[in-house]
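**Q** pasting a predicted model and its sequence here:
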Amino acid sequence: MDDSATKNGWFILPETMSNWPWSRHINPHYEEIKAESDAWLKAFEPFNEKSQLAFDKCDSALLAALSYPKASKEHLRTGCDLMNVFFVFDEYTDVESADVVREMADSVIDAITHPDKARPEGEILLGELARQFWARGIKTCTATSRKQFEKAFIDYLNSVVEQAADRDNVTIRTVTNYFPNRRENVGARPSFISAILGTDVPDEAFYHPVVVELSDHIADLIILDNDLASYNKEQATGDDRQNILTVVMNHSGYNLDEALRWAADYHKDVEALFFDGLKRIPSFGPDVDQQLQEYIQAITMSPRAIYCWNFESGRYFGDKGREIQRTRRVPILPKVVDNHRSLRRQDVVVPLVTL
């Protein structure tokens, strides 16, 4: 690969999913459930009009429908609501200090663990948003999946606080310590459990080292494809320190094209590790094995889902997603001088990407 990014003002996005055997599928209830979940979210008025327009183009429900193609209407609704909670929480916390993010995370943790408790007067809307999401979600999940989801979701919230601390300290992690934190703050684990809310995979199977290893590999594939797609927008707004391309360039001295090549090669390595892990899943008895296989099959959809959503939504490539998916050529966005990082909560800026 030539140094296209430096010389010509664009870079070539590597093709990462050509050998992934699980193809694109979308839940048949997508349109119906998207309308319900979007209406629920908008009732909170989480953004001003301009940012709501940009948020709508992200189409978080599409990501849920791609991630959970076989889910029932009820479980797809939980998945769509979860994606909306993720996106609002991320937008609100991306502009805050670690101390403020800690307060926001604590409100959501309290709401998730006590979904029947009324939220305090004057609390940020994240608390009630999370409470309503999970009060509805627990009606159609097993006790086991509820416990596992709550643990994973709390881990996610705490990792976002760590991310804010890194931002406060202008920290760029090494490759070694980047992935463990990013696996949590990308929201992969609670998303995985949302695919199997009706199952009862016991902890001995769910947290078995081989099963955890497999979920780590899937999370890493999600991270790589998410970071590849989001890098252009993040470098333009100066918010790219939590991106594998910046991490690799900072700690290995690579230019952008070399970092892109590294990410593509690492993606292949992680795929190989996942396929090897599939051969080492132990048996826990017929009933558990069947439910565990449902979980494994469900999480295999996630890398394809994030990959397709990157191009089909307007989150990272505006209305040029399909074209970029075909050509792989991404024009580098100019740096944003005033990116409105001073705005907060409902007035936080969700930028529209125009290539």
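**A** Looks like it came in fine. Here the structure is a predicted model, which means the values were calculated and not measured.
**Q** for residue 19, helix, strand, or coil?
**A** Residue 19 falls in the coil class when you classify it by DSSP: H, G, I helix; E, B strand; the rest coil.
**Q** now it: closest residue in space, sequence neighbours ignored.
**A** When the adjacent residues along the chain are set aside, residue 19 lies closest to residue 271, with 6.8 Å between them (CB to CB, 6 or more residues apart in numbering). For glycine as for every other residue, the C-beta is placed from the backbone atoms N, C-alpha and C.
**Q** list the buried residues in the helix or strand where that neighbour lies.
**A** Take DSSP states H and E as the rule and residue 271 turns out to sit in helix 256-278. Residues 256-260, 262-264, 266-267, 270-271, 274, 277 are the ones in helix 256-278 that count as buried (16 or more other CB atoms under 10 Å).
**Q** and for stretch 124-144?
**A** Along stretch 124-144, the positions that meet the burial threshold by neighbour count (16+ other CB under 10 Å) are 124-134, 137-138, 141, 144.
**Q** let me see the contact set for the most centrally placed residue in the chain.
**A** Taking CA atoms, centre = their mean, the centroid of the chain lies closest to residue 186, which sits 4.2 Å from it. By CB atoms under 8 Å, 6 or more residues apart in numbering, the residues touching residue 186 are 219, 222, 223, 226.
**Q** show me what the helix holding residue 271 is packed against.
**A** Other helices and strands packing on helix 256-278, by 3 or more CB pairs under 8 Å, 6 or more residues apart in numbering; DSSP states H and E, are helix 4-8, strand 10-12, helix 209-237, helix 244-252.
**Q** could you tell me the least trusted of those?
**A** If you rank the helices and strands packed on helix 256-278 by mean pLDDT, helix 4-8 sits at the bottom with a mean of 61.
**Q** that older thread, can I get the helices and strands packed on helix 256-278 in JSON lines including distance to residue 74 and mean neighbour count?
**A** Shown next, in JSON lines, are the helices and strands packed on helix 256-278 (distance: least, CB to CB, whole Å; neighbours: other CB atoms under 10 Å):
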{"stretch": "helix 4-8", "distance to residue 74": "45", "mean neighbour count": "14"}
{"stretch": "strand 10-12", "distance to residue 74": "42", "mean neighbour count": "19"}
{"stretch": "helix 209-237", "distance to residue 74": "24", "mean neighbour count": "21"}
{"stretch": "helix 244-252", "distance to residue 74": "35", "mean neighbour count": "19"}
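**Q** as CSV, these with distance to residue 104 would be great.
**A** Formatted as CSV, those follow (distance: least, CB to CB, whole Å):
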stretch, distance to residue 104
helix 4-8, 36
strand 10-12, 34
helix 209-237, 21
helix 244-252, 25
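**Q** mind checking which of those is nearest residue 309?
**A** Ranking those by distance to residue 309, with CB to CB as the measure, places helix 209-237 first at 8.9 Å.
**Q** name the helices or strands packed onto the closest one?
**A** Contacts defined by 3+ CB pairs under 8 Å, 6+ apart place helix 209-237 against helix 175-185, helix 188-194, helix 244-252, helix 256-278, helix 286-299, helix 301-312.
**Q** mean confidence score for the second one?
**A** What that stands for is helix 188-194. Mean predicted confidence for helix 188-194 is 95.
**Q** quick one: contacts of that helix?
**A** Looking at what lies outside helix 188-194 - CB under 8 Å, 6+ apart - the contacts are 67-68, 75, 78-79, 82-83, 145, 148-149, 152-153, 155-156, 183, 215, 218-219, 222-223, 295, 298-299, 302.
**Q** are any of those residues buried, and which?
**A** The neighbour-count test (16+ other CB under 10 Å) applied to these identifies 67-68, 75, 78-79, 82-83, 145, 148-149, 152-153, 156, 183, 215, 218-219, 222-223, 295, 298-299, 302 as buried.
**Q** my guess is residue 124 contacts residue 104, does it?
**A** Yes - counting by CB atoms under 8 Å, residue 124 touches residue 104, with 6.2 Å between them.
**Q** where do the contact lists of those two overlap?
**A** residue 92.
**Q** nearest to residue 63, of the buried residues of helix 256-278?
**A** For residue 63, the nearest member of those is residue 267. The distance, counting by CB to CB, is 19.3 Å.
**Q** now the closest one: how far from residue 282?
**A** Summarising the geometry, the distance separating residue 267 from residue 282, computed by CB to CB, to the nearest Å, is 27 Å.
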